[in-house]
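Student: Predicted model and sequence below, questions to follow.
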Amino acid sequence: MIVERLANETLIRLPAQIDQGLIEVIVEYFRVIEAYYQEKNMATKLFLLKAMENLYFEYLAQKAEFEQSFLDQSAEEIKADWWQQNKERVLKGYEQ
């Protein structure tokens, strides 16, 4: 990787063998940084960081080539576990 700073921009050169999907993640990361510097508020920063994390996990899942049925089953298990751990807290204000 080569980083070159010019008067009004920074150029980053990556090796050609880097996976295209990873390059897209890197580009999105820099878009997040650019958006944050335009907004400069903490709520935006946290939202953008979470979005970036989600993009990264999506990339890893695609690269792993999981079967959709495995992903669906895993999502259901995670939801069920979360509900079991949090249902008392969520329903606390709604009990009659």
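Tutor: Arrived safely, thanks for sending. Bear in mind the structure is a predicted one, so any value in this text is a computation, not a measurement. Residues are numbered from 1 along each chain as shown.
Student: what residues are up against residue 32?
Tutor: Residues in contact with residue 32, defined by CB atoms under 8 Å, 6 or more residues apart in numbering, are 48-49, 51-52. Any C-beta I mention is one placed from the backbone N, CA and C, and that applies to glycine too.
Student: ok now the helix or strand harbouring residue 37, how far from the chain's centre?
Tutor: Per DSSP states H and E: residue 37 is located in helix 20-39. On the basis of CA atoms, centre = their mean, to the nearest Å, the separation between the geometric centre of helix 20-39 and that of its chain is 11 Å.
Student: if we can go back for a sec, using CSV, lay out the contacts of residue 32 together with neighbour count and pLDDT.
Tutor: What follows is these, written out as CSV (neighbours: other CB atoms under 10 Å; pLDDT from 0 to 100):
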residue, neighbour count, pLDDT
48, 18, 74
49, 12, 78
51, 14, 79
52, 16, 77
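Student: Mind putting the residues you listed into JSON lines with secondary structure?
Tutor: Supplementary listing: those in JSON lines, determined by DSSP: H, G, I helix; E, B strand; the rest coil:
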{"residue": "48", "secondary structure": "helix"}
{"residue": "49", "secondary structure": "helix"}
{"residue": "51", "secondary structure": "helix"}
{"residue": "52", "secondary structure": "helix"}
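Student: possible to save these as a markdown table with distance to residue 65?
Tutor: Output for the contacts of residue 32, formatted as a markdown table (distance: CB to CB, whole Å):
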| residue | distance to residue 65 |
| --- | --- |
| 48 | 28 |
| 49 | 27 |
| 51 | 23 |
| 52 | 22 |
